[in-house]
Structures are given as structure tokens and as C-alpha cells.
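Engineer: Need a 3D model of the following:
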Amino acid sequence: MASARATIYQVAQRCGVSTATVSRAMSGGAGMSVDTRRRVLATAAEMGWVPNGSAKALASNRTGILGVLFHDLDSGNDPLLDSPLYLDQVLRGAEQATTGVGDALLIAATRGRSGRDLAYSVAGKADGLVLFARSLNRADTQALASMVPIVTVGRAGSRWPHDDISVDNRGGMRNLVEHLLEQHGLRRLAFVSGPPRTPDSIARFAGFRDALIAAGLPAPDKPDADGGFTESGGEQAAESILTGDRQVQAIVCANDEMAIGVRAVLAARRLRTPADIAVTGFDDISASRHLSPSLTTVHQPMHEVGSRAISLLLQRLREPTKPRTSVVLATESVIRRSCGCRRPPARPPERSMSDGLRRTRSSRTPTEQ
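Structural biologist: Next comes the predicted model:
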């Protein structure tokens with residue numbers, strides 16, 4: 001016969017404290033000494049007692065679960081498509097922030113009808129949701145927002161009423177392209193985009209155009225190729241660009257994974273980077289610094305995007321009626337060797353305020369050889 005489970009009353013009695021003190025100790029609350037907290041935690045562990053999740057949820061009117069929804073880039077038609085490493089870093093930040101407050105995180109990829117049903121299922125279990133761009137259409141997003149609080153990722157400046165966290169995609173790409181134009185004198189640039197309706201890709205292409213227009217150069221109306229934000233997509237985009245008659249001096253990619261795919265195609269064609277064609281990326285994933293030559297890119301704080309999204313969601317749960325918050329995090333150029341640099345540029349690229357949004361920027365430009 002199984003032994004009876006310990007109760008909060010038994011833990012409190014053994015420790016010589018009130019049940020309220022036991023509850024605060026288990027939830028990380030204040031109002032007790034360090035020794036008391038340690039004694040309560042040790043006693044609870046020894047007796048095998050844990051707070052009842054259902055009772056805790058009833059008391060706080062919360063489930064203690066937060067949800068994250070993102071769009072699955074694998075259409076199911078191409079097994080070579082890779083999930084972006086960008087997502088891994090953002091989700092790690094979200095998970096760390098969630099577990100740091102004692103909550104759990106539900107993560108789901110949405111695609112098609114089954115993805116929509118999954119999103120509603122997650123919403124039914126969670127206190128609130130973080131939604132990546134393209135994870136749901138506007139109608140479903142608004143429907144879920146009537147059920148639980150929502151924070152979106154990557155919709156800064158939009159007319160959506162939800163709290164949002166994003167990075168300065170446009171300014172970051174503009175600064176990087178200005179470096180190619182000013183420091184290396186490159187003029188024939190091709191742009192590889194992500195999925196056409198992705199806000200991040202749209203903003204990065206806008207930054208690409210901004211730099212060309214400012215330099216008095218023709219700016220294309222659309223990207224040269226769509227790489228889908230994946231390595232295999234970058235390979236296909238490179239093949240498309242190199243097959244044409246246009247002689248490019250640099251291929252500017254909207255993320256690092258596509259740049260890795262582009263680099264693979266250049267190597268297979270015995271084209272040298274950067275001597276024959278310079279290549280740049282965006283994100284600054286860990287692999288970018290280990291390529292040979294290392295990849296010039298734009299650093300965005302991916303881990304912080306995830307953690308700040310959760311912070312915004314928790315704040316919204318505490319203050320349901322507060323005004324909408326839109327946070328735009330700074331980006332910065334990371335100058336390495338794939339653009340042609342062998343030493344730090346003479347000065348860091350200009351920082352600007354664009355789109356009428358406040359940004360906190362760093363004045364330094366990290367350089368790696």
C-alpha cells in the first residue's frame with residue numbers, strides 16, 4: 001500500500017513555521033530569513049512534498065503555463081529545409097525567462113489547418129501567448145487575443161494592438177550595406193530574402209534599398225532571390241543568381257543560414273569569398289564565426305528577444321489594462337573577413353533613428369578576424 005502523501009501542514013509543523021511561510025518559501029517569496037527558506041526547502045524535499053499545481057492555479061487564477069507559437073518553415077515538400085538556428089536562440093531565451101519565474105513553456109510550430117488547431121489548443125492551456133510573425137493569420141490572432149494576452153515578435157510599428165518585441169532590422173541592414181559600399185567600393189550587389197511576407201525580411205530588404213539610394217545607386221524593386229531563411233534555400237538562391245548574366249560583386253543575405261548555403265555554392269563553383277564575391281548575413285549565429293573566411297553579419301540579440309517577449313507577457317498578465325508596449329532592440333554590424341576586411345574599419349558605422357521608434361544602440365562595432 002502506498003504511503004500517504006505529506007501535506008503542507010506537516011512540513012510547517014516540522015519546521016516550526018506557518019503554512020503561509022512554507023508557501024512563500026516554495027514560491028520564492030520574501031518575508032523570511034535565508035536559513036528559514038533553506039530549512040523549509042530541505043524539509044519539503046525530505047518529506048517528498050510539492051505544492052499542488054491545481055490548487056496553486058485556483059489560488060492565483062493562473063495555470064503557470066506560457067505558450068510560444070512559431071511558423072514551421074518546412075512545408076513538408078522538401079526534407080532538406082532546415083529550421084532556422086535563430087529560432088533556437090530565441091526559444092532558449094524564452095525558456096530561461098519562463099523557468100526563472102517558476103512557469104512552464106509550451107512551444108508549438110504552426111502550419112496549415114493542423115497548426116491552427118494546435119494554436120487554439122495551446123491557448124486553452126496557457127495564461128498567455130508569444131506569437132512569431134506568420135505563425136497565425138490576423139483573424140486567428142485576434143480570436144486568440146480575445147482568449148488570452150498576446151505578445152507578438154517582429155511587428156513593431158504595425159497597427160496590431162498587441163505588445164511587441166523586435167529588433168532594428170532595417171537600420172542594421174542599412175549600416176552593413178553602407179560598409180560594403182563605402183569601405184570596399186562594391187556596387188553590384190544582390191539580395192537574398194527570406195519568405196516574402198515575413199516582416200523581418202521585408203525590413204532588411206528596405207534597409208538594403210536605403211543604403212543604395214543614399215549612395216545614388218539604382219535600388220531594385222524586389223529581392224534578387226528568395227532563400228526562405230534556410231541553408232538549402234540559400235543554395236538555391238545562389239544558383240539562381242549565378243546562372244544569370246549579371247556579374248555580382250557581393251551577395252547580401254537576409255540571414256546567416258542562407259549565407260552559409262550561398263557560400264557552399266560559391267565554393268563548389270570555385271569562386272573565392274571575398275576575392276571573387278563577398279557574402280554577408282544577418283543574425284550572427286554561432287556558426288558564422290567558424291566559417292573560413294568568417295562571416296560578416298549583423299548581430300541581433302536573439303536570446304534577449306525571447307526573454308524580453310516573456311517579460312512583456314508577464315507584465316501584461318500583471319497589468320491587463322496598461323498601454324501597448326513596443327520594444328525595438330539594437331542591432332550592430334559584426335565585421336569579419338567575408339566582406340573583404342582584414343582589420344577593423346577606420347570608424348564604426350553610423351547609427352540612426354529610423355521609423356520614429358526609440359532604440360538603445362551600442363556605439364561599438366565588434367570585429368573578428
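
Engineer: show me what contacts R37?
Structural biologist: Residues in contact with R37 (CB atoms under 8 Å, 6 or more residues apart in numbering) are A25. From N, CA and C alone the C-beta is placed, and that goes for glycine too.

Engineer: tell me, how many neighbours does F191 end up with?
Structural biologist: Number of residues near F191 (other CB atoms under 10 Å) recorded here: 27.

Engineer: Surely it is within a strand?
Structural biologist: Yes: the assignment for F191 is a strand, going by DSSP: H, G, I helix; E, B strand; the rest coil.

Engineer: if I look at it, how far off is D224?
Structural biologist: 5 Å (CB to CB, to the nearest Å).

Engineer: How is this protein divided into domains?
Structural biologist: 8-51, 65-164+303-328, 169-301 (automatic domain parsing).

Engineer: wait, which of those domains is closest to R342?
Structural biologist: Counting by CB to CB, R342 lies closest to domain 169-301 out of the domains of the chain; the figure is 9.4 Å.

Engineer: and the closest one, what's its mean pLDDT?
Structural biologist: Mean pLDDT, computed over domain 169-301, is 95.

Engineer: ok so, going back, looking at the domains of the chain, spot the one closest to R336.
Structural biologist: That would be, of those and by CB to CB, domain 169-301, which comes in at 3.9 Å.

Engineer: quick one: the closest one to chain centroid distance?
Structural biologist: 19 Å (CA atoms, centre = their mean, to the nearest Å).

Engineer: start to end distance for that domain?
Structural biologist: Criterion CA to CA, to the nearest Å; first-to-last residue distance in domain 169-301 is 11 Å.

Engineer: quick one: the helices in the stretch 101-250 of the chain?
Structural biologist: Ranges of helices within the stretch 101-250 of the chain are 112-125, 138-145, 169-184, 199-214, 231-243, based on DSSP state H, counting those that start in this stretch.

Engineer: JSON lines for those helices, including distance to R24 and mean neighbour count?
Structural biologist: Listed next are those as JSON lines, based on distance: least, CB to CB, whole Å; neighbours: other CB atoms under 10 Å:
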{"stretch": "helix 112-125", "distance to R24": "27", "mean neighbour count": "15"}
{"stretch": "helix 138-145", "distance to R24": "33", "mean neighbour count": "15"}
{"stretch": "helix 169-184", "distance to R24": "43", "mean neighbour count": "23"}
{"stretch": "helix 199-214", "distance to R24": "42", "mean neighbour count": "22"}
{"stretch": "helix 231-243", "distance to R24": "49", "mean neighbour count": "21"}
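
Engineer: Format those helices as JSON lines; extra columns: distance to P220.
Structural biologist: Compiled in JSON lines, the helices of the stretch 101-250 of the chain are given as follows (distance: least, CB to CB, whole Å):
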{"stretch": "helix 112-125", "distance to P220": "32"}
{"stretch": "helix 138-145", "distance to P220": "28"}
{"stretch": "helix 169-184", "distance to P220": "12"}
{"stretch": "helix 199-214", "distance to P220": "7"}
{"stretch": "helix 231-243", "distance to P220": "12"}
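
Engineer: Quick check: which of those helices is nearest to T280?
Structural biologist: Closest approach to T280 among the helices of the stretch 101-250 of the chain is made by helix 169-184 (5.9 Å; CB to CB).

Engineer: elements contacting that closest one?
Structural biologist: helix 199-214, strand 250-253, strand 278-280, strand 297-299, strand 332-334 (3 or more CB pairs under 8 Å, 6 or more residues apart in numbering; DSSP states H and E).

Engineer: Report the angle between it and helix 199-214.
Structural biologist: If you take axes from the mean of the first three to the mean of the last three CA atoms, to 10 degrees, helix 169-184 sits at 40 degrees to helix 199-214.

Engineer: between helix 169-184 and strand 189-193, how big is the angle?
Structural biologist: Going by the same axes, to 10 degrees, helix 169-184 makes 160 degrees with strand 189-193.

Engineer: ok, back up a step: which one of the helices and strands packed on helix 169-184 lies nearest to R155?
Structural biologist: Distances from R155 to each of those were compared using CB to CB; the shortest belongs to helix 199-214, at 6.0 Å.

Engineer: what helices or strands is the closest one leaning on?
Structural biologist: Other helices and strands packing on helix 199-214, by 3+ CB pairs under 8 Å, 6+ apart, are helix 169-184, strand 189-193.

Engineer: Quick check on H71: phi, psi?
Structural biologist: Here is the backbone geometry of H71 (degrees, to the nearest 10): phi -80, psi 130.

Engineer: If it is in a bridge, with which residues?
Structural biologist: Here H71 sits in beta bridges with T110, going by DSSP bridges.

Engineer: List the contacts of it.
Structural biologist: If you count contacts by CB under 8 Å, 6+ apart, H71 has them with 109-111, 132-135.

Engineer: Give me the below-cutoff pLDDT ranges for the stretch 51-200 of the chain.
Structural biologist: 51-61, 73-84, 112-115, 156-159 (pLDDT under 70).

Engineer: Swap in 90 and give it another go.
Structural biologist: Residue ranges of the stretch 51-200 of the chain with pLDDT under 90: 51-65, 67, 69-89, 91, 98-126, 131-148, 154-162, 195-199.

Engineer: if we can go back for a sec, G48 is nearest to which of the helices of the stretch 101-250 of the chain?
Structural biologist: With CB to CB as the criterion, G48 lies closest to helix 112-125 of these, at 26.6 Å.

Engineer: Determine which residue lies closest to the centroid of the chain.
Structural biologist: Central residue of the chain (CA atoms, centre = their mean): V90, 4.0 Å from the mean position.

Engineer: Give me the three-state assignment for that residue.
Structural biologist: Judged by three-state DSSP, the three-state class of V90 is helix.
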